[in-house]
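Undergrad: Okay, predicted coordinates and the sequence, questions at the end:
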Amino acid sequence: MRATDLDPILVFATSDKGGTGRSVTSCNIAYRLWMSGLDVAYVDFDFGSPTAGALFEISGAERGVTEGSGLHSYLSGAINEPVRLNVVRETDRTELRRDAPRGRSLVLLPGEIGGGEFGYDDVSVVRAATLLGQLMTEFDVVIVDLSAGRSAALDIALGATASAVLSNRKRRWLVFHRWTRQHVLAASGLVHGPHGILATAAARGHNKAAFQASMRCVRTAVAESDSTRAVDSAQDTWVKVQAEALQKLANKEEIGAAMLLGQTPIEPMLQWREQIILDNDVGARLANPSTVDAYTKLARHLTDPAIWDSSR
Ligand SMILES: Nc1ncnc2c1ncn2[C@@H]1O[C@H](COP(=O)(O)OP(=O)(O)OP(=O)(O)O)[C@@H](O)[C@H]1O
Ligand SMILES: [Mg+2]
C-alpha cells in the first residue's frame, strides 16, 4: 500500500562523468523522502558497477546480489522478479533501523555481482517499463540510478519512459555534476549535445519541450564561496571571480539557474566514506547540518509540483 494518494514519481539519476556524487546524493534523497513518510524504491541501473548495497550498508549485497537473482537477469529475460531488499531489515546500520518511520518502506532493487553493462534491446526496454510501472503502483517515489555517460542504461530508460506503460507518468530527470568548469561543460554536453539526453529522448519518441521541462541539475560537493564575507585576500578575490565565471558558463551552457534543483556542500564524512547521513551523525557532530539540510531540500523540491509545473 502506498503512503499517499499523490501521483507516484519516477526519478532518473544521470551524470556525464563518473564519481560525481550521483549515487550518494540519490541514496540520501531516497532516505529523506522515506523519512518524510513516503514509500521509496531505489533501483540500481548502474549495470557496470552495481554497488548501491554498499551505500545502504547491506552486507552481502555491497557489490550486487548473486547472478540469477537481480536486475541483470530480470532485464535480460532470464527471471520474472528481481530480488528486493528491504533496507530496514537488511542494513547493518542500527541507527537507520531505530529511526525508521513506522509502516513505510525503503526498498533496494540491486544489480548482480559481475553483471556487466548490456546493450539496448527490445526485451530490456519492455522489461524495464514493466518493472518501473509495477513499482509505481507500490511506491510513492521510484529512484533509478543510471550508469554515467551516454550509457545503455540511459538509453533503456529513455526507451522505457517513451512506451505506453510509462509515457503518462510523472517523471523527473536529474543530472548530477560537480561545480567546476569541466563538469559544467560535460553535464551540458550530456543534456544538450549530440547523442545527449534531449537528442536521444526525441529519437525515442519523447516530446522535446515536455522532456526538457522534466530535467533539473544537482550540483554536488560545492565548495564554499561566501559572498557575504569581506574580501580580504587574493585567494578570496580569485574564488569570487571563479564563482561568477562558473555561473556565467552554466547559464551560457543552458544548465544555469533555471535548471537548478539544488546543490550539496562538501561533506567531510562523505570524503571518507560513502553512506547515508543520518540526523544522528549531525547530532554526534560527525556530519554538518548543512549537508542534511541540502538533502532534505532536494527531497522536498523533487516532490514540489510548483517546481515542475509544466512537466508530467
Ligand atoms: N557532498 C559531498 N561532499 C564530499 N564528498 C562527496 C559528496 N557527495 C559525494 N561525495 C563523494 O564523492 C565520491 C563519488 O560519489 P558517488 O559514488 O556517489 O558518485 P557517482 O557519480 O555515483 O559515481 P559512479 O559513476 O562511479 O557511480 C564518493 O566518494 C562520495 O562519498
Ligand atoms: Mg554511483
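TA: That came through, no problem. The shown structure was predicted, so the numbers you read here are calculated from the model rather than taken from an experiment. Ligands and ions are numbered 1, 2, ... in the order given.
Undergrad: Not counting sequence-adjacent ones, nearest residue to the residue in the stretch 51-200 of the chain positioned nearest to ligand 1?
TA: Nearest to ligand 1, among the residues of the stretch 51-200 of the chain, is Ala148, at 4.1 Å (Cβ to the nearest ligand atom). C-beta: built from backbone N, CA, C; applies to glycine. In space, and not counting its chain neighbours, Ala148 is closest to Gly18: 4.2 Å by Cβ to Cβ, 6 or more residues apart in numbering.
Undergrad: Reduced to three states, what does the residue sitting furthest away from the middle of the chain come out as?
TA: Distance to the chain centre peaks in the chain at Asp232, reaching 38.2 Å (criterion: Cα atoms, centre = their mean). Three-state assignment for Asp232 (DSSP: H, G, I helix; E, B strand; the rest coil): coil.
Undergrad: could you measure it against ligand 1, distance?
TA: Asp232 sits 26 Å away from ligand 1, going by Cβ to the nearest ligand atom, to the nearest Å.
Undergrad: what's the answer for Gln263, then?
TA: 9 Å.
Undergrad: Three-state assignment for that residue, please.
TA: strand.
Undergrad: before we move on, the earlier item: quick check: phi and psi on the residue nearest to Ala148?
TA: Main-chain dihedrals, Gly18, degrees, to the nearest 10: phi -80, psi 160.
Undergrad: Gly103 versus that one, what's the distance?
TA: Separation of Gly18 from Gly103 (Cβ to Cβ, to the nearest Å): 37 Å.
Undergrad: list the buried ones in stretch 192-207?
TA: If you call a residue buried by 16 or more other Cβ atoms under 10 Å, then stretch 192-207 has these buried ones: Gly193, Gly196, Ile197, Leu198, Thr200, Ala201, Arg204, His206.
Undergrad: Looking at the residues you listed, which are in helices?
TA: Cross-referencing the buried residues of stretch 192-207 against helices under DSSP state H gives Ile197, Leu198, Thr200, Ala201.
Undergrad: For the last one, give me its contacts.
TA: The neighbourhood of Ala201, defined by Cβ atoms under 8 Å, 6 or more residues apart in numbering, consists of Leu158, Ala162, Lys208, Phe211.
Undergrad: So which bits of the chain are right by ligand 1?
TA: For the chain, the residues in contact with ligand 1 (Cβ under 6 Å from any ligand atom) are 15, 18-25, 46, 49, 148, 220-221, 264, 266-267, 270-271, 274.
Undergrad: which residues sit in contact with the closest residue to Pro8 other than its chain neighbours?
TA: Leaving aside its sequence neighbours, Pro8 sits nearest to Met136 (Cβ to Cβ, 6+ apart; 4.3 Å). With contacts defined as Cβ under 8 Å, 6+ apart, the neighbours of Met136 are Pro8, Leu10, Val142, Leu166, Arg169.
Undergrad: Selecting buried members of those residues in PyMOL, what would you type?
TA: Of those, the buried ones can be selected in PyMOL as follows, counting by 16+ other Cβ under 10 Å:
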select buried, resi 8+10+142+166+169
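Undergrad: Identify those among the contacts of Met136 that sit within strands.
TA: Using DSSP state E, Leu10, Val142 are the members of the contacts of Met136 that sit in strands.
Undergrad: can you redo the contacts of Met136 as TSV with pLDDT?
TA: Output for the contacts of Met136, formatted as TSV (pLDDT from 0 to 100):
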residue	pLDDT
Pro8	96
Leu10	98
Val142	98
Leu166	95
Arg169	93
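Undergrad: coming back round to it: sort out which residues of the one helix or strand the residue nearest to Pro8 maps to are buried, please.
TA: Per DSSP states H and E: Met136 is located in helix 122-138. By 16+ other Cβ under 10 Å, the buried positions in helix 122-138 come out as Ser124, Val125, Val126, Arg127, Ala128, Ala129, Thr130, Leu131, Leu132, Gly133, Leu135, Met136.
Undergrad: Repeat that for stretch 65-77.
TA: For stretch 65-77, burial by neighbour count (16+ other Cβ under 10 Å) applies to Val65, Ser69, Gly70, Leu71, His72, Ser73, Tyr74, Leu75.
Undergrad: Find out how far it is from the centre of the chain, if you would.
TA: Relative to its chain's centre, stretch 65-77 lies at 21 Å (Cα atoms, centre = their mean, to the nearest Å).
Undergrad: So that it lines up with my notes, have the first residue be 100 from now on.
TA: With 100 as the first residue, the last one maps to stretch 164-176.
Undergrad: Straight-line length of it, end to end?
TA: 17 Å (Cα to Cα, to the nearest Å).
Undergrad: ranges for the helices of the stretch 100-249 of the chain?
TA: 121-134, 151-154, 170-175, 186-189, 193-197, 221-237 (DSSP state H, counting those that start in this stretch).
Undergrad: typo on my end, the stretch 300-411 of the chain
TA: Using DSSP H, counting those that start in this stretch, helices in the stretch 300-411 of the chain cover 307-312, 333-351, 367-371, 378-382, 388-401.
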